[in-house]
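J.: Here's a sequence, model it:
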Amino acid sequence: MVGFQLRFKITVLFLALVFSGLAIADQANVTWAELSNEQHKVLNPLASEWDTLRPWQREKMLDIARDYPKMSPDKQVLVKKRLSNWSRMTPYERENARKRHQQFQALPADKKNELRKKWQEYQKLPESERARLRAESPDAYTDADLD
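T.: Residues are numbered from 1 along each chain as shown. Sure thing, here's the model as predicted:
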């Protein structure tokens, strides 16, 4: 009897996991037309390309849309700005941005803080000075947000 109950519980747990996985997969395959009005408002910069995104990309964007209402107004503005910037990037630029992000995330905390501080100092410079620095070292200065 105990063996049966254990097998039954394992079967129920397995089915729950399978069906939750299917729900996530279905969610990641949702078309732009199937998104809610709230999701449209947040993800609007991606409207023209939504149906061509890979399932993992859609899933990530849907997570952002889900969390958006809980964000502070400043964070919401930042998310909108980043989605807009992302939508204007070429696939090559996106891949480079992903690589830079991964490299940054792999750094030790003190190095990340040092880079954030330098980025904030750079942001405070007048546009003419930033343009001069970008022209001198185009690979060192990008429009990434390091936060």
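
J.: mind checking how far Ala131 is from Ser36?
T.: Ala131 is 42 Å from Ser36, where distance means Cβ to Cβ, to the nearest Å. Backbone N, C-alpha and C define where each C-beta goes, glycine included.

J.: Repeat that for Glu93.
T.: 29 Å.

J.: higher neighbour count, the two?
T.: When neighbours are counted by other Cβ atoms under 10 Å, Glu93 and Ser36 differ, and Glu93 comes out ahead with 13 against 10.

J.: for that one, helix, strand, or coil?
T.: Put simply, Glu93 is helix when judged by DSSP: H, G, I helix; E, B strand; the rest coil.

J.: how much space between it and Met61?
T.: 18 Å.

J.: Can you report how many residues neighbour Val42?
T.: Using other Cβ under 10 Å, Val42 has 23 other residues around it.

J.: cool, Leu43 as well?
T.: Neighbour tally, Leu43, other Cβ under 10 Å: 21.

J.: what about it, helix or strand, and which?
T.: helix 37-43 (DSSP states H and E).

J.: next one: stretch 55-73 to chain centre, how far?
T.: Offset of stretch 55-73 from its chain centre (Cα atoms, centre = their mean, to the nearest Å): 8 Å.
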